[in-house]
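Enquirer: just the structure for this:
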Amino acid sequence: MNGADVLMVIDLQNGVCYSGEEHLYELQALLEKVNNRIAVYRGLNKPIIFVQHGDEELVPEEEAWAIHANLDVQAQDLFVRKTHANSFYKTNLKTILDQLSVQKIEFCGAQTEYCMDATVKFAHGLGYENTMYKQATSTLNNSFMSAKDTIRFYENIWNNRYLQLIDDEG
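Expert: Prediction:
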């Protein structure tokens with residue numbers, strides 16, 4: 001697959017990837033998958049948008065707020081700062097997408113049940129055609145279910161409703 005009009009990488013920041021002693025479920029595999037998708041978009045000269053959450057724990061310009069060092073971030077990439085789970089809420093994201101004439105978005109990032117879910121559903125509501133590779137999102141274990149089960153649960157809700165889930169890197 002040649003990709004969508006834009007790749008959106010949500011909240012893969014130090015303070016999201018690592019929470020105390022914990023880190024996102026299968027973090028290294030996720031970072032590798034995201035870098036593979038970034039490489040595809042770079043090869044096609046298509047834009048990549050990095051979304052960064054800011055709050056009292058993820059203070060802008062501080063280490064926790066920074067994008068994970070293992071990700072291939074370059075100067076020509078686009079950056080959106082947000083303070084809400086929904087990446088569109090009180091940000092310039094819709095303006096950027098309109099300027100780029102985006103109709104189709106590929107998503108990846110964290111956390112599955114928070115910022116990914118809110119943004120995917122809102123993008124769908126705005127009429128974007130959304131795609132995501134399986135396991136291109138991650139989260140932490142919670143008191144209700146494991147991270148693995150949370151990811152599977154949300155992928156099943158999203159697939160063929162809010163986005164098209166793609167099986168492999170093929």
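
Enquirer: pLDDT score assigned to the closest residue to Glu57 other than its chain neighbours?
Expert: Leaving aside its chain neighbours, Glu57 sits nearest to Gly15 (5.9 Å; criterion: C-beta to C-beta, 6 or more residues apart in numbering). Where C-beta positions appear, they are placed from N, C-alpha and C, glycine not excepted. pLDDT, Gly15: 96.

Enquirer: hmm, Gly15 is touching Pro60, no?
Expert: No: counting by C-beta atoms under 8 Å, Pro60 is not a contact partner of Gly15; they are 11.3 Å apart.

Enquirer: buried residues in stretch 83-91?
Expert: The neighbour-count check on stretch 83-91 (16 or more other C-beta atoms under 10 Å) flags 85-88, 91 as buried.

Enquirer: an error on my part: the question was meant for stretch 62-79.
Expert: 64-65, 67-68, 71, 73, 77-78.

Enquirer: can I get it in PDB, CA atoms only?
Expert: Output in PDB follows, covering the C-alpha atoms of stretch 62-79 (Å, rounded to 0.1, in the frame of the first residue of the first chain):
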ATOM      1  CA  GLU A  62      10.900  19.500  28.600                       C
ATOM      2  CA  GLU A  63      12.300  15.900  28.200                       C
ATOM      3  CA  ALA A  64       9.000  14.100  29.000                       C
ATOM      4  CA  TRP A  65       7.300  16.100  26.200                       C
ATOM      5  CA  ALA A  66       9.900  15.400  23.600                       C
ATOM      6  CA  ILE A  67       9.300  12.900  20.800                       C
ATOM      7  CA  HIS A  68      11.000   9.600  21.400                       C
ATOM      8  CA  ALA A  69      14.600   9.800  20.200                       C
ATOM      9  CA  ASN A  70      14.400   6.500  18.200                       C
ATOM     10  CA  LEU A  71      11.800   8.000  15.900                       C
ATOM     11  CA  ASP A  72      12.900   9.500  12.600                       C
ATOM     12  CA  VAL A  73      11.800  13.100  13.000                       C
ATOM     13  CA  GLN A  74      13.100  15.600  10.500                       C
ATOM     14  CA  ALA A  75      12.900  19.400  10.100                       C
ATOM     15  CA  GLN A  76      10.400  19.200   7.200                       C
ATOM     16  CA  ASP A  77       7.900  17.300   9.400                       C
ATOM     17  CA  LEU A  78       4.800  19.100  10.700                       C
ATOM     18  CA  PHE A  79       4.100  19.400  14.400                       C
END
